[in-house]
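Student: can't give you the sequence, but here's the structure:
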Ligand code: AMP
């Protein structure tokens, strides 16, 4: 019987899941869904691979046990929809691997301790990534778990792109450097790029992952060489509610003159800024496009201008650009943002075919003209598939290592 792979992507208030079945050459998606509103009004939804709605229901809120309860609910639902078939592996998305992790790892007690030691690097995300690992280890002790890191893809960037100009020994000792995030998304794009554009796959590509979180990366021969995100997922582009890059002097001013504490500053930078903060309306790009308030337009224009500036900066890093790839919620669906970014990059030789850009499809597609010096693509990302691949791969590798270990005489 084909093996089942469960992928978990847990955040502060939601747990997203995808269930895959082993397939050739790739795992095949069976179901996906989530519990959102954990701690407030937990709400469970599930869909088939084709997007048919299979479940939508409120769960009772149960304070500190909410993550546990949400996971139990997901497992129960899956059990009923897979005729009780056993899971072969559970793969988790983990936001920060620090310097320690540059590849997926099979979870052990030691690995959990090491993940906990990394919590200070991503205090808003990491604890929520670790909680489900602990709970699932208790609920399903026989099922191996694998952790996949959003930082791993960027681990081999040239040193100059990993540094801040802080005292060298100090930043090395404290691990204060640019890590980069959205690595599972970039890894997926890098994996499919050779089929889409062999020249770009062998050359220089800028990928714009534009979702509620947004970042860009420079790929040379499909390897990550630079990213707009740095020590945390706050640097670089403005996002739904995050500032993106900001003068560190502003933070000092907030502390020293406005007497804001760390929590207040964190809330301001992570939750009240970005598209929401600039527009005063919404963090959701669709709502900004639908609004005729000038501040909605200001927020979108700011977002577009920073994307174009970062694209040019990454093109300098790559010493040219063969392809520009748009991905994630905004990158895949928003023809207005794509059009405006490409217009600002016209001087780089980018020429968009506006009718191709306006078309909709869930498939990778070219949206630039034949004359464009830079090929522009829309490529739907698939971070869950990357996690499913890694998780199966990790389990298979471990099994073959055991098989190759000679039995003691
Ligand atoms: P993600 O975090 O990748 O799920 O992306 C979320 C972002 O994608 C939100 O800002 C949404 O408004 C945006 N988005 C989703 N669909 C569309 C669309 N059809 N047009 C514009 N933006 C969209």
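Tutor: Yes, it's here. Bear in mind the structure is a predicted one, so any value in this text is a computation, not a measurement.
Student: Now do stretch 192-200: distance to the chain's middle.
Tutor: 21 Å (CA atoms, centre = their mean, to the nearest Å).
Student: who's in contact with it?
Tutor: By CB atoms under 8 Å, 6 or more residues apart in numbering, the residues outside stretch 192-200 that reach it are 201, 205, 219, 222, 322-323, 325, 364, 375, 377, 379. C-beta coordinates here come from the backbone N, C-alpha and C atoms, glycine included.
Student: Just give me the closest of those residues to residue 162.
Tutor: Of all the contacts of stretch 192-200, residue 162 sits closest to residue 219, with 15.9 Å by CB to CB.
Student: where does the nearest residue to the closest one once chain neighbours are set aside land in three-state SS?
Tutor: Using CB to CB, 6 or more residues apart in numbering and skipping the chain neighbours, the partner closest in space to residue 219 is residue 205 (4.4 Å). Taken by DSSP: H, G, I helix; E, B strand; the rest coil, the conformation at residue 205 corresponds to strand.
Student: dump the residue contacts of residue 205.
Tutor: Taking CB under 8 Å, 6+ apart as the test, what residue 205 contacts is 193, 218-219, 222, 318, 321-325.
Student: Go through the residues you listed and name the one nearest residue 297.
Tutor: Nearest to residue 297 out of the contacts of residue 205 is residue 324 (CB to CB; 23.5 Å).
Student: is it fair to say that closest one lies in a strand?
Tutor: Yes - assignment of residue 324 by three-state DSSP places it within a strand.
Student: Hmm, residue 374 and it touching each other?
Tutor: Yes - the criterion here is CB atoms under 8 Å, and residue 324 meets it with residue 374 at 5.5 Å.
Student: List the residues that contact the closest residue to the ligand within the chain.
Tutor: Here the chain gets closest to the ligand at one residue, residue 329, 2.0 Å apart by CB to the nearest ligand atom. Taking CB under 8 Å, 6+ apart, we find residue 329 in contact with 210-212, 285.
Student: Which one (most neighbours) among those?
Tutor: Within the contacts of residue 329, neighbour counts (other CB atoms under 10 Å) peak at residue 210, which reaches 26 neighbours.
Student: Show the pLDDT at it.
Tutor: Note on residue 210: pLDDT of 97.
Student: So that it lines up with my notes, have the first residue be 16 from now on.
Tutor: Okay, residue one is now 16; in that scheme the one you just asked about reads as residue 225.
Student: Look at residue 79 and report its pLDDT.
Tutor: 56.
Student: What helices and strands are in contact with the lowest-mean-pLDDT helix or strand in the chain?
Tutor: One helix or strand of the chain scores below all others by mean pLDDT, DSSP states H and E: helix 398-419, with a mean of 87. With contacts defined as 3 or more CB pairs under 8 Å, 6 or more residues apart in numbering; DSSP states H and E, the packing partners of helix 398-419 are strand 19-25, strand 30-36, strand 43-51, strand 102-109, strand 120-121, strand 160-164, helix 198-211.
Student: quick revisit: can you name the helix or strand that the residue of the chain closest to the ligand falls in?
Tutor: helix 343-348 (DSSP states H and E).
Student: Give the next helix or strand downstream of that helix.
Tutor: The element immediately downstream of helix 343-348 (helix or strand, assigned by DSSP H and E) is helix 350-359.
Student: Quick one: mean pLDDT for that following helix?
Tutor: Mean predicted lDDT for helix 350-359 stands at 98.
Student: Show me what it is packed against.
Tutor: Judged by 3+ CB pairs under 8 Å, 6+ apart, helix 350-359 is in contact with helix 309-333, helix 343-348, helix 369-373, strand 390-393.
Student: circling back to that earlier point, please say which of residue 339 and residue 389 ends up with more neighbours.
Tutor: Remark: of residue 339 and residue 389, residue 339 carries more neighbours, 28 against 23, as counted by other CB under 10 Å.
Student: Specify the beta-bridge partners of that one.
Tutor: Legend: beta-bridge partners of residue 339 under DSSP bridges are residue 221, residue 391.
Student: What pLDDT is listed against it?
Tutor: 98.
Student: Would you mind putting the contacts of residue 344 into CSV with distance to residue 278 and secondary structure alongside?
Tutor: Formatted as CSV, the contacts of residue 344 follow (distance: CB to CB, whole Å; DSSP: H, G, I helix; E, B strand; the rest coil):
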residue, distance to residue 278, secondary structure
225, 29, strand
226, 26, coil
227, 22, coil
300, 28, helix
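Student: Next, count neighbours for the closest residue to residue 171 other than its chain neighbours.
Tutor: Leaving aside its sequence neighbours, residue 171 sits nearest to residue 238 (CB to CB, 6+ apart; 6.7 Å). By other CB under 10 Å, 13 other residues sit near residue 238.
Student: shouldn't residue 238 be in contact with residue 170?
Tutor: No - Residue 238 lies out of contact with residue 170 (CB under 8 Å); the separation is 10.3 Å.
Student: Now for the two: what residues contact both?
Tutor: Common neighbours of residue 238 and residue 170 (CB under 8 Å, 6+ apart) do not exist.
Student: so what's residue 233 up against?
Tutor: By CB under 8 Å, 6+ apart, residue 233 lies in contact with 219-221, 239-242, 329-330, 332-333.
Student: now it, what's its secondary structure?
Tutor: strand.
Student: Show me the beta-bridge partners of it.
Tutor: Per DSSP bridges, the residues bridged to residue 233 are residue 221, residue 241.
Student: re the thing from before, just send the contacts of stretch 207-215 back as CSV, with distance to the ligand too.
Tutor: Output for these, formatted as CSV (distance: CB to the nearest ligand atom, whole Å):
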residue, distance to the ligand
216, 23
220, 19
234, 19
237, 22
337, 25
338, 20
340, 14
379, 16
390, 23
392, 17
394, 13
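Student: What residues does the stretch 166-315 of the chain have near the ligand?
Tutor: Residues of the stretch 166-315 of the chain found near the ligand (CB under 6 Å from any ligand atom) are 226-227, 255, 299-301.
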